[in-house]
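Enquirer: got a predicted structure here, sequence first:
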Amino acid sequence: KRMSNAYIDFKEKTLQASVRLGRQSRNRGGVLGRFDGVFADYQIFDKYKVNLVAGYPVDSSRNVFLDDNRYFYGISVDIGTFANAWDFNVFAINQLNDNEVDRRSVGGEVRFFEANKSLF
């Protein structure tokens, strides 16, 4: 009785938008791992993408049922790629546990990727 991932993806190529619904993992934009919920993105300009996320954190793949005591929601913006190697992200995320703030975070991420080296 384990469920690591179980989601459905919707992509609209003309609008450059997508939505993923279900159990999924994400390690960007302030999201810390596995959750049950929704992630949506929309490409607003060539190098700028807006992301929305909301859901319920999942501590273990052995937790196959929804735990609605804790939930989170957030927004982030992906910026890049610049010089064929640099990506940036800024985010704001709020997580509640029994309707009390469990985690509130505002931050950013920088990623550098080349063929044989990377930096995060």
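Expert: Ah, there it is. Numbers count the residues shown, from 1 in each chain.
Enquirer: show me what the helix or strand of the chain with the lowest mean pLDDT is packed against.
Expert: The weakest-scoring helix or strand in the chain, judged by mean pLDDT, DSSP states H and E, is strand 117-119 (a mean of 93). Contact here means 3 or more Cβ pairs under 8 Å, 6 or more residues apart in numbering; DSSP states H and E; on that basis strand 117-119 packs against strand 100-114. To be clear about C-beta, it is placed using only N, CA and C from the backbone, and glycine gets the same treatment.
Enquirer: what packs against the strand it packs on?
Expert: On a contact count with 3+ Cβ pairs under 8 Å, 6+ apart, strand 100-114 meets strand 86-97, strand 117-119.
Enquirer: quick one, which of those is nearest to residue 41?
Expert: If you check each of the helices and strands packed on strand 100-114 against residue 41 by Cβ to Cβ, strand 86-97 wins as the nearest, at 11.6 Å.
Enquirer: next, the buried residues of that closest one.
Expert: Within strand 86-97, the residues scored as buried using 16 or more other Cβ atoms under 10 Å are 87, 89, 91, 93-95.
Enquirer: next, the angle from it to strand 100-114.
Expert: For strand 86-97 against strand 100-114, the angle by axes from the mean of the first three to the mean of the last three Cα atoms, to 10 degrees is 160 degrees.
Enquirer: pLDDT weak spots in the protein?
Expert: Applying pLDDT under 70 to the chain flags no residue at all.
Enquirer: now the strands for it?
Expert: Assigned by DSSP state E, the chain shows strands spanning 6-12, 17-26, 33-45, 48-57, 70-82, 86-97, 100-114, 117-119.
Enquirer: need those in CSV (columns: distance to residue 64).
Expert: Formatted as CSV, the strands of the chain follow (distance: least, Cβ to Cβ, whole Å):
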stretch, distance to residue 64
strand 6-12, 9
strand 17-26, 9
strand 33-45, 10
strand 48-57, 13
strand 70-82, 16
strand 86-97, 20
strand 100-114, 22
strand 117-119, 34
